[in-house]
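Structural data only, the sequence is not supplied:
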């Protein structure tokens with residue numbers, strides 16, 4: 001510990017220094033700066049010339065602020081309630097989803113604000129602290145390039161160590177403007193076998209013809225941004241769907257070890273069987289129908305799926321969702337295996353459905369839903 005009193009001398013240096021004592025309250029032959037805790041050897045007959053030349057590397061005010069910064073604060077119940085009110089107002093005022101409060105970016109922003117506030121000497125006005133949106137937009141590119149440079153060094157070290165990586169590749173076209181995009185994600189582990197997943201690109205693809213050769217060229221360009229070049233390709237495994245522009249002989253498989261995405265294959269099989277399709281006849285598109293409706297034993301299955309979808313649609317239109325302890329889930333073609341989510345929600349809410357539909361005199365909505373077949377279909381889809 002440092003005692004504020006000096007050895008009884010009148011030198012002004014003792015305003016900044018104190019004598020060091022051990023835990024037994026025994027005075028030691030040391031003195032220390034009260035601001036930065038720098039220790040010097042000092043005896044009773046020692047001159048103060050050396051310690052008088054001492055300059056703190058950090059001003060005392062900043063040291064005090066640092067002590068406050070690193071001191072752990074226990075959040076009180078009142079503070080938690082105040083934060084709940086503030087976050088509720090944030091969601092309702094700016095019309096942001098409740099789940100946005102779980103976002104890593106928002107948490108990092110709030111933590112930075114708290115850190116700046118704890119190291120400040122007065123109240124900080126948020127309007128003075130927050131950056132202008134235009135400044136943020138200009139900063140995105142520089143931040144992105146800084147991130148790419150850091151990841152480039154990580155990947156270089158990884159490849160130089162002789163380790164392999166996996167890349168997942170996907171292409172799609174948006175339904176409104178018909179713009180095409182390619183995403184490239186890299187997967188690798190460190191020496192502690194921790195898995196890292198980094199999205200390298202989500203970039204527009206300008207070429208009108210999405211040939212296998214074009215996909216290979218764009219993919220290689222995307223890797224080159226991170227200085228991943230041809231002599232490293234043997235350490236890369238590429239995973240994609242089985243579209244001809246991804247698995248064509250002159251494309252990705254000609255330069256990389258390529259694997260088909262097993263999940264995508266499963267999804268394709270399930271969607272082909274359980275989703276309706278249409279066809280053109282004499283220039284007229286047919287009504288949606290099941291491809292395998294005439295296969296033996298399949299009709300009851302399709303009737304069950306139809307009945308479940310119609311039931312969920314009815315509950316949503318009739319505004320019944322709020323009356324269930326858990327809402328029914330609608331199938332969504334974009335979400336993986338969403339049919340299973342739909343069936344599971346009906347199974348879980350079955351008793352409540354029966355009770356509510358009885359009150360509405362709509363129990364007939366369950367006539368085409370076989371409880372045994374529903375459970376059997378759920379058991380079949382669950383492993384996927």
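Alright, I've got the coordinates. Note that the structure is a prediction, hence the values are computed from the model and not measured.

Could I get the full set of strands for the stretch 1-150 of the chain?
2-3, 17-21, 27-33, 39-41 (DSSP state E, counting those that start in this stretch).

in this structure, which helix or strand is least confident?
helix 60-70 (a mean of 52; mean pLDDT, DSSP states H and E).

pLDDT below threshold where in the protein?
Scanning the chain for pLDDT under 70 picks out 1-11, 23-24, 57-71, 208, 333-336.

what's the domain layout of it?
For the chain, the structural domains run 2-57, 77-129, 151-260, 299-381, going by automatic domain parsing.

Pipe those domains into JSON lines and attach mean neighbour count and distance to residue 285 per row.
No exception for glycine: its C-beta is placed from N, CA and C like everyone else's. Listed next are these as JSON lines, based on neighbours: other C-beta atoms under 10 Å; distance: least, C-beta to C-beta, whole Å:
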{"stretch": "domain 2-57", "mean neighbour count": "14", "distance to residue 285": "77"}
{"stretch": "domain 77-129", "mean neighbour count": "11", "distance to residue 285": "36"}
{"stretch": "domain 151-260", "mean neighbour count": "15", "distance to residue 285": "17"}
{"stretch": "domain 299-381", "mean neighbour count": "15", "distance to residue 285": "18"}
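
Setting aside sequence-adjacent positions, which residue approaches residue 276 most closely?
residue 288 (3.7 Å; C-beta to C-beta, 6 or more residues apart in numbering).

The one you found: neighbour count?
10 (other C-beta atoms under 10 Å).

And for the one 3 residues further on?
Each residue near residue 291 was counted by other C-beta under 10 Å, and the total is 14.

Contacts only, for it.
With contact set as C-beta atoms under 8 Å, 6 or more residues apart in numbering, residue 291 has these partners: 272, 273, 277.

For the last one, name its beta-bridge partners.
Under the criterion DSSP bridges, residue 277 forms beta bridges with residue 289.

try residue 189
If you apply DSSP bridges, the partners that residue 189 bridges to are residue 195.

Is it in contact with residue 197, as I believe?
No: counting by C-beta atoms under 8 Å, residue 189 does not reach residue 197; the two are 10.4 Å apart.

Give me the residues contacting stretch 341-348.
Residues contacting stretch 341-348 (C-beta under 8 Å, 6+ apart): 308-309, 311-312, 326-331, 335, 353, 369, 374-375, 377-378, 381.

Could you export the domains of the chain as a markdown table, including distance to residue 135?
Shown next, in a markdown table, are these (distance: least, C-beta to C-beta, whole Å):
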| stretch | distance to residue 135 |
| --- | --- |
| domain 2-57 | 32 |
| domain 77-129 | 13 |
| domain 151-260 | 24 |
| domain 299-381 | 35 |
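
Out of those domains, the one nearest residue 266 is which?
domain 299-381 (8.4 Å; C-beta to C-beta).

thinking again about what came up before, quick one: the residue nearest to residue 276 and residue 269, what's the gap?
Per C-beta to C-beta, to the nearest Å, residue 288 is found 19 Å from residue 269.

do residue 379 as well
17 Å.

The host helix or strand of residue 267: which residues count as buried?
In this structure, residue 267 sits in helix 262-274 according to DSSP states H and E. By 16 or more other C-beta atoms under 10 Å, the buried positions in helix 262-274 come out as 264, 270, 274.

Tell me the helices and strands packed up against whichever helix or strand residue 258 is part of.
According to DSSP H and E, residue 258 maps onto strand 257-260. Packed against strand 257-260 by the contact rule (3 or more C-beta pairs under 8 Å, 6 or more residues apart in numbering; DSSP states H and E) you find strand 236-240, helix 244-247.

Pull the distance from it to the chain's centre.
26 Å (C-alpha atoms, centre = their mean, to the nearest Å).

who does it pair up with?
Sheet partners by DSSP bridges: for strand 257-260, these are strand 236-240 (parallel).

Just the angle for the partner strand relative to helix 262-274, thanks.
10 degrees (axes from the mean of the first three to the mean of the last three C-alpha atoms, to 10 degrees).
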